[in-house]
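> Let me see the structure of the following:
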Amino acid sequence: MAVKSVKYYFYVRDVLLLSITAFGGPQAFLAMVLDIMVRKRGYLSENDLMELNALCQVLPGPTSTQTISAIGYRIGGPTLAYISLFVWVLPASLMMIIAAILIDYLQESGNGTLEFAKFIQPMAIGFIIYAAQRTIKIMIQTREAMVIMLLSAFVAFFYNSPFIFPVMLIVGGVSTSLKYHKQPKVEGKSGLNINWDNFLLWAGVLIFAAVLGHFTRLLPVRLFENFYRNGSLIFGGGQVLVPYLYTEFVEFKDYLSSEEFLTGYAISQGLPGPTFSISSYIGALSMREYGLTGQLLGGMVAAAGIFLPGTFLIFFVIRFWDDLKKYRPVRAALEGINAVSCGMLLAAAYLLFEPMEANTFNIIAIALTYCLLQYTKVPSPLIILIGILGGIGYSYVLAAF
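Residues are numbered from 1 along each chain as shown. Next up is the predicted model:
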């Protein structure tokens with residue numbers, strides 16, 4: 001028992017180390033997990049890690065968070081998994097809540113302007129374009145997937161309701177599952193032995209939050225349901241989350257402005273830990289009218305909402321995934337789901353740029369950011385820091401004249 005406790009302690013400590021040092025997105029995260037948790041600690045084999053990460057990539061929710069939770073589940077069961085989830089999520093979420101509070105304060109004391117963010121707002125578009133290009137290169141491998149991606153982007157341009165996204169995911173998945181015969185057959189297929197506990201937990205929380213929010217109209221409850229629903233639908237990682245959140249909280253509900261959203265997204269690219277932490281920023285600004293306490297509550301509620309569904313789902317699927325992936329329609333459906341996610345990402349770049357002024361400065365900032373990411377090894381946090389410092393300098397010059 002003592003040996004297990006020591007092992008659990010080291011695992012939680014390693015998760016905390018990752019949460020404050022894992023800059024650079026999912027690729028850097030996976031490399032660090034491989035180095036720390038496989039090679040140094042031996043918590044699991046390299047093959048086990050790659051299998052877990054692949055499973056998390058095909059499930060909705062934050063891939064890095066699900067991977068951390070799944071490793072904790074393998075080592076110490078649900079308790080260690082939830083502890084590791086909390087430790088992984090907390091630092092980035094707190095930093096994004098603090099960012100939201102500071103931005104709100106700066107706007108209140110500066111006549112509602114975000115001049116210090118003049119550089120990083122268009123830079124955020126550059127990050128999204130870079131993410132879209134990399135994601136499309138990985139996920140779009142067939143002509144059918146390309147068509148689905150373009151159709152999804154077209155629909156997202158003109159129908160910005162958040163309720164259209166789950167419909168598009170279903171349609172995309174069904175459309176490619178119909179060509180399952182192109183998938184290779186897998187021998188040794190057996191029946192599925194499914195434990196429904198975590199699925200019922202996931203669905204129960206979703207239904208309860210939706211009903212409670214509808215009848216109470218309490219903003220924290222509605223925020224939790226909004227983020228929980230989004231966390232249950234996002235395929236493709238944090239970059240795909242952007243168009244969903246932008247459409248729902250900026251265009252549909254007007255909880256924050258386009259400038260505030262872009263500023264928060266840019267800041268999130270310069271922080272370690274999960275990229276889904278931008279949800280805490282949005283949640284905090286959504287409850288700014290309730291003061292500091294409301295902002296803290298909004299940020300925490302948003303974090304809980306966005307991270308919990310993916311954790312419930314990975315606990316549910318991990319037990320029978322080896323059998324489920326042998327069914328050809330299931331494997332074929334993933335192509336359409338991923339294609340729709342890529343279409344959403346294309347739409348995000350357009351939707352976030354649309355409110356901005358199409359001037360030379362913004363276009364150069366977007367292009368320069370993309371080129372730095374694509375053709376150099378300058379780390380994302382340093383790019384964002386340069387943009388923030390440039391914006392602060394600009395605001396001082398503007399104030400002086």
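> which other helices and strands contact the helix or strand where Met96 lies?
Secondary structure from DSSP states H and E places Met96 in helix 63-109. Packed against helix 63-109 by the contact rule (3 or more C-beta pairs under 8 Å, 6 or more residues apart in numbering; DSSP states H and E) you find helix 2-21, helix 25-33, helix 46-57, helix 258-269, helix 278-286, helix 291-317. For glycine as for every other residue, the C-beta is placed from the backbone atoms N, C-alpha and C.
> hang on, Met75 packs against Asp48?
Residue 75: Ile, not Met. No. Ile75 lies out of contact with Asp48 (C-beta atoms under 8 Å); the separation is 11.1 Å.
> Looking at the two, which has the bigger crowd around it?
Ile75 (18 against 14; other C-beta atoms under 10 Å).
> For the more buried one, give me its contacts.
Lys7, Tyr8, Tyr11, Tyr43, Leu44 (C-beta atoms under 8 Å, 6 or more residues apart in numbering).
> hmm, 7 Å instead?
Contacts for Ile75 were tallied using C-beta atoms under 7 Å, 6 or more residues apart in numbering; they are Tyr11, Tyr43.
> Next one: it relative to Leu16, how far apart?
Separation of Ile75 from Leu16 (C-beta to C-beta, to the nearest Å): 15 Å.
> so what's Ile383 closest to, chain neighbours aside?
Leaving aside its sequence neighbours, Ile383 sits nearest to Leu372 (C-beta to C-beta, 6 or more residues apart in numbering; 5.7 Å).
> which helices and strands does the host helix or strand of the one you found pack with?
Element membership for Leu372, per DSSP H and E: helix 360-375. Helix 360-375 is packed against helix 120-139, with contacts defined by 3 or more C-beta pairs under 7 Å, 6 or more residues apart in numbering; DSSP states H and E.
> Convert the helix it packs on to CSV, retaining C-alpha atoms only.
Coordinates of each C-alpha in helix 120-139 appear next as CSV, following Å, rounded to 0.1, in the frame of the first residue of the first chain:
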residue,chain,number,x,y,z
ILE,A,120,-2.0,39.8,-30.6
GLN,A,121,-5.5,40.0,-31.9
PRO,A,122,-4.5,39.5,-35.6
MET,A,123,-1.7,37.2,-34.5
ALA,A,124,-4.4,34.9,-33.1
ILE,A,125,-5.8,34.5,-36.6
GLY,A,126,-2.3,33.5,-37.7
PHE,A,127,-2.3,30.8,-35.1
ILE,A,128,-5.7,29.5,-36.2
ILE,A,129,-4.6,29.4,-39.9
TYR,A,130,-1.4,27.5,-38.9
ALA,A,131,-3.5,25.1,-36.8
ALA,A,132,-5.9,24.6,-39.6
GLN,A,133,-3.2,23.8,-42.1
ARG,A,134,-1.5,21.2,-39.8
THR,A,135,-4.8,19.6,-38.8
ILE,A,136,-6.1,19.3,-42.4
LYS,A,137,-2.8,17.8,-43.5
ILE,A,138,-3.3,15.0,-40.9
MET,A,139,-7.0,14.4,-41.1
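> which other residues reach the helix or strand following that helix?
Note on helix 120-139: by DSSP H and E, the next helix or strand toward the C-terminus is helix 143-158. Residues outside helix 143-158 that contact it (C-beta under 7 Å, 6+ apart) are 140, 164, 168, 172, 175-176, 243, 335-336, 339-340, 342-344, 346-347, 350.
> Need the helices and strands packed on helix 63-109 in a markdown table (columns: distance to Met96).
A markdown table is the format used below for the helices and strands packed on helix 63-109 (distance: least, C-beta to C-beta, whole Å):
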| stretch | distance to Met96 |
| --- | --- |
| helix 2-21 | 13 |
| helix 25-33 | 16 |
| helix 46-57 | 22 |
| helix 258-269 | 6 |
| helix 278-286 | 4 |
| helix 291-317 | 7 |
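> just checking, which of those helices sits deepest inside the structure?
helix 278-286 (a mean of 30; mean count of other C-beta atoms under 10 Å).
> Could you check the angle that helix makes with helix 258-269?
Put simply, helix 278-286 runs at 140 degrees to helix 258-269, going by axes from the mean of the first three to the mean of the last three C-alpha atoms, to 10 degrees.
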